[in-house]
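Novice: Please work out how this folds:
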Amino acid sequence: MEPTIKKIQTAIFIKNFQIQNEYEKSNLLLDSKEKIGDIFDGQPILIPAPNEMPPEIPRIVLNSADNLFSCNIALNRTDIFFNSANSKEKDVNIILEKQKTNSLRVFDFLKEKNVIINRIGFVVDVEYAIENAIEFLKAEFINENKFESPKELSFRYNRSSIIEEINIPMNNLVTVSGKNDSNVIQIQLDINTVSEIMSSSDFSKEYFDKIITYSENKINSIIKEFPNL
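Specialist: You can find the predicted model right below:
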């Protein structure tokens with residue numbers, strides 16, 4: 001089975017980030033065009049956002065002209081997306097490395113704003129084309145004579161681990177799903193730093209690099225070994 005990476009998301013959770021008014025938002029947009037505008041060279045979107053709007057709602061959305069890359073900037077998180085389903089590049093290693101490079105650039109941009117970065121997530125959506133997805137999942141993951149004739153099947157598990165070099169505990173979350181009228185198995189791989197350390201964390205670029213590298217390696221391993229999770 002050949003995997004197809006549909007989308008990659010890097011989630012950067014932040015504290016002490018304020019955009020008080022439309023003037024500050026415009027200045028932030030101008031600064032982003034200068035620092036990361038070569039990645040997000042498409043038309044940006046400024047979202048009208050009163051101060052009472054929830055902090056997770058984006059204030060600025062950046063896009064690339066080819067619609068491959070986008071970035072949502074909110075007060076408590078920034079999400080960088082690679083819509084890799086639209087990319088001509090299909091090599092998993094190259095795709096993951098491109099996302100890492102873009103994420104590091106955005107990380108530098110945020111750090112210049114003196115924000116605290118206290119959680120990192122790296123999420124990849126993968127599809128496998130296979131005849132009769134439901135029967136495949138039943139054969140691989142379910143004991144015989146269990147869950148007869150399902151319309152849909154999904155499995156979700158989380159494995160704990162530690163990046164030994166920097167002593168950072170991680171979640172390794174895998175969600176697998178399929179439908180009886182589909183020849184596609186969908187997998188979401190979500191590697192993230194645990195929420196329990198958010199209050200004491202402020203990741204440096206060195207730590208961010210190691211967390212993303214660890215996530216890339218884990219995801220690559222799972223993709224290659226599936227369905228042997």
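
Novice: And the strand or helix carrying F107, what does it pack against?
Specialist: Element membership for F107, per DSSP states H and E: helix 92-111. Packed against helix 92-111, as judged by 3 or more Cβ pairs under 8 Å, 6 or more residues apart in numbering; DSSP states H and E, are the following elements: strand 3-15, helix 22-36, strand 77-82, strand 116-129, helix 205-225. In this view, the C-beta of every residue, glycine as well, is placed from N, C-alpha and C.

Novice: what's the average pLDDT for the last one?
Specialist: Pointing back at helix 205-225 there. Across helix 205-225, pLDDT averages out at 96.

Novice: quick check: angle from it to strand 3-15?
Specialist: Counting by axes from the mean of the first three to the mean of the last three Cα atoms, to 10 degrees, helix 205-225 lies at 150 degrees to strand 3-15.

Novice: Just want the angle from helix 205-225 to helix 92-111.
Specialist: 160 degrees.

Novice: quick one: helix 205-225 to strand 116-129, angle?
Specialist: Using the same axes, to 10 degrees, the direction of helix 205-225 lies 20 degrees away from that of strand 116-129.

Novice: Out of the helices and strands in the chain, which is least certain?
Specialist: The weakest-scoring helix or strand in the chain, judged by mean pLDDT, DSSP states H and E, is helix 133-141 (a mean of 89).

Novice: Centre of the chain to it, how far?
Specialist: Here helix 133-141 shows a centroid-to-chain-centroid distance of 27 Å under the convention Cα atoms, centre = their mean, to the nearest Å.

Novice: List the buried residues of the helix or strand following that helix.
Specialist: Downstream of helix 133-141, the first helix or strand assigned by DSSP H and E is strand 152-163. The neighbour-count check on strand 152-163 (16 or more other Cβ atoms under 10 Å) flags 153, 163 as buried.

Novice: tell me the mean pLDDT over strand 152-163?
Specialist: 94.

Novice: Just checking: what are the partner strands of it?
Specialist: According to DSSP bridges, strand 152-163 forms sheet pairs with strand 168-179 (antiparallel).

Novice: who touches the helix or strand following the partner strand?
Specialist: For strand 168-179, the succeeding helix or strand toward the C-terminus, using DSSP H and E, is strand 184-193. Applying Cβ atoms under 8 Å, 6 or more residues apart in numbering, the contact partners of strand 184-193 are 11, 119-130, 133, 136-137, 168-178, 201, 203, 211, 214-215, 218-219, 222-223, 226.

Novice: contacting residues for S149?
Specialist: N180.

Novice: go on, the one 10 residues further on?
Specialist: The neighbours of R159, taking Cβ under 8 Å, 6+ apart as the test, are 171-172, 174.

Novice: tell me the most buried of the helices and strands packed on helix 92-111?
Specialist: strand 77-82 (a mean of 22; mean count of other Cβ atoms under 10 Å).

Novice: By neighbour count, which bits of stretch 56-64 are buried? Give me those.
Specialist: Those buried within stretch 56-64 under the rule 16+ other Cβ under 10 Å are 58-64.

Novice: Which single one of the residues you listed is nearest to Q43?
Specialist: Taking Cβ to Cβ as the measure, Q43 lies nearest N63 of the buried residues of stretch 56-64, at 6.5 Å.
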